[in-house]
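Peer 1: got a predicted structure here, sequence first:
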Amino acid sequence: MEQHIIGEVMTSEVVLAHRTTPIQELVGLLDRHRISGLPVVDHDDKVLGVVSGTDLTRAGTGTLTAGDLMSTPAVTVHPEQAVSDAARVMERHGIERLPVVDEEDRLIGIATRRDLLRVFARTDATIRREVVEGIVVGVLGLPPEAVDVTVGDGMVTLTGRVPRSSDLASAVRSAWKIEGVVGVVNGLTYGDEDAGTRAG
């Protein structure tokens, strides 16, 4: 199953600010580059926080700087993280952009919601094929028809019977890792047909 990583989709030329950048300059940066926010870094390029257009609107004018206005700690990602994981981080925190940092927390890029959505421009049919071939056949070792897989708007529904209880967790966990998947509904049962679903 193909997994894109942040390093493949991020923008390496980042519009950024420092703690002492005045509010007027921040407004100019956002306006000129048509962006909704930017990371604030220290002298060593380590990310201190993020300033968004909303932060500036609330602040009004005056002698405030990026250090006064930024949200901290910054929510960041690493280049080797999966795009699907980053998308969930954005969703959870309600943010549009994620600073990308190296192992020493130095800024190396930015990943926006638009960058991630380009990867997620996948049809339900493509996702379904990946679930059947990659999970039902590849992970579980079952024939393709053993599990009924339906996909609608990125929501995967799995129904059918699998041999072991551990197969349930494997199927759901693997489905979540497929890019473009926004949710997984588990309708699977396990065990022998005659014995019914056994606990444990």
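Peer 2: The structure has been received and is ready for your questions.
Peer 1: show me where pLDDT drops low in the chain?
Peer 2: Applying pLDDT under 70 to the chain flags the ranges 1-2, 61, 120-121, 192-200.
Peer 1: so which residues of the chain form strands?
Peer 2: Under the criterion DSSP state E, the chain contains strands at 17-18, 37-41, 47-52, 97-101, 107-112, 147-152, 155-162, 183-190.
Peer 1: packing partners of the third one?
Peer 2: Put plainly, it is strand 47-52. Using 3 or more Cβ pairs under 8 Å, 6 or more residues apart in numbering; DSSP states H and E as the contact test, the elements touching strand 47-52 are strand 37-41, helix 66-69, strand 97-101. Heads up, the C-betas are built off the backbone N, CA and C, glycines and all.
Peer 1: can you rerun that using 10 Å?
Peer 2: The contact analysis (3 or more Cβ pairs under 10 Å, 6 or more residues apart in numbering; DSSP states H and E) places strand 47-52 against strand 17-18, helix 23-33, strand 37-41, helix 53-59, helix 66-69, strand 97-101, strand 107-112.
Peer 1: next one: the fourth one to chain centre, how far?
Peer 2: Between the centre of helix 53-59 and the centre of its chain there are 25 Å (Cα atoms, centre = their mean, to the nearest Å).
Peer 1: what comes into contact with it?
Peer 2: Applying Cβ atoms under 10 Å, 6 or more residues apart in numbering, the contact partners of helix 53-59 are 23-24, 26-27, 30-31, 35-38, 49, 51-52, 64, 66, 68-71, 96.
Peer 1: please apply the same query to the second one.
Peer 2: Here helix 23-33 makes contact (Cβ under 10 Å, 6+ apart) with 15-18, 21-22, 35-38, 40, 51-53, 55-57, 59-66, 68-70.
Peer 1: could I get the strands of the chain as TSV with distance to S170 and mean neighbour count?
Peer 2: Formatted as TSV, those follow (distance: least, Cβ to Cβ, whole Å; neighbours: other Cβ atoms under 10 Å):
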stretch	distance to S170	mean neighbour count
strand 17-18	45	19
strand 37-41	37	24
strand 47-52	36	22
strand 97-101	29	24
strand 107-112	29	21
strand 147-152	12	17
strand 155-162	9	18
strand 183-190	10	15
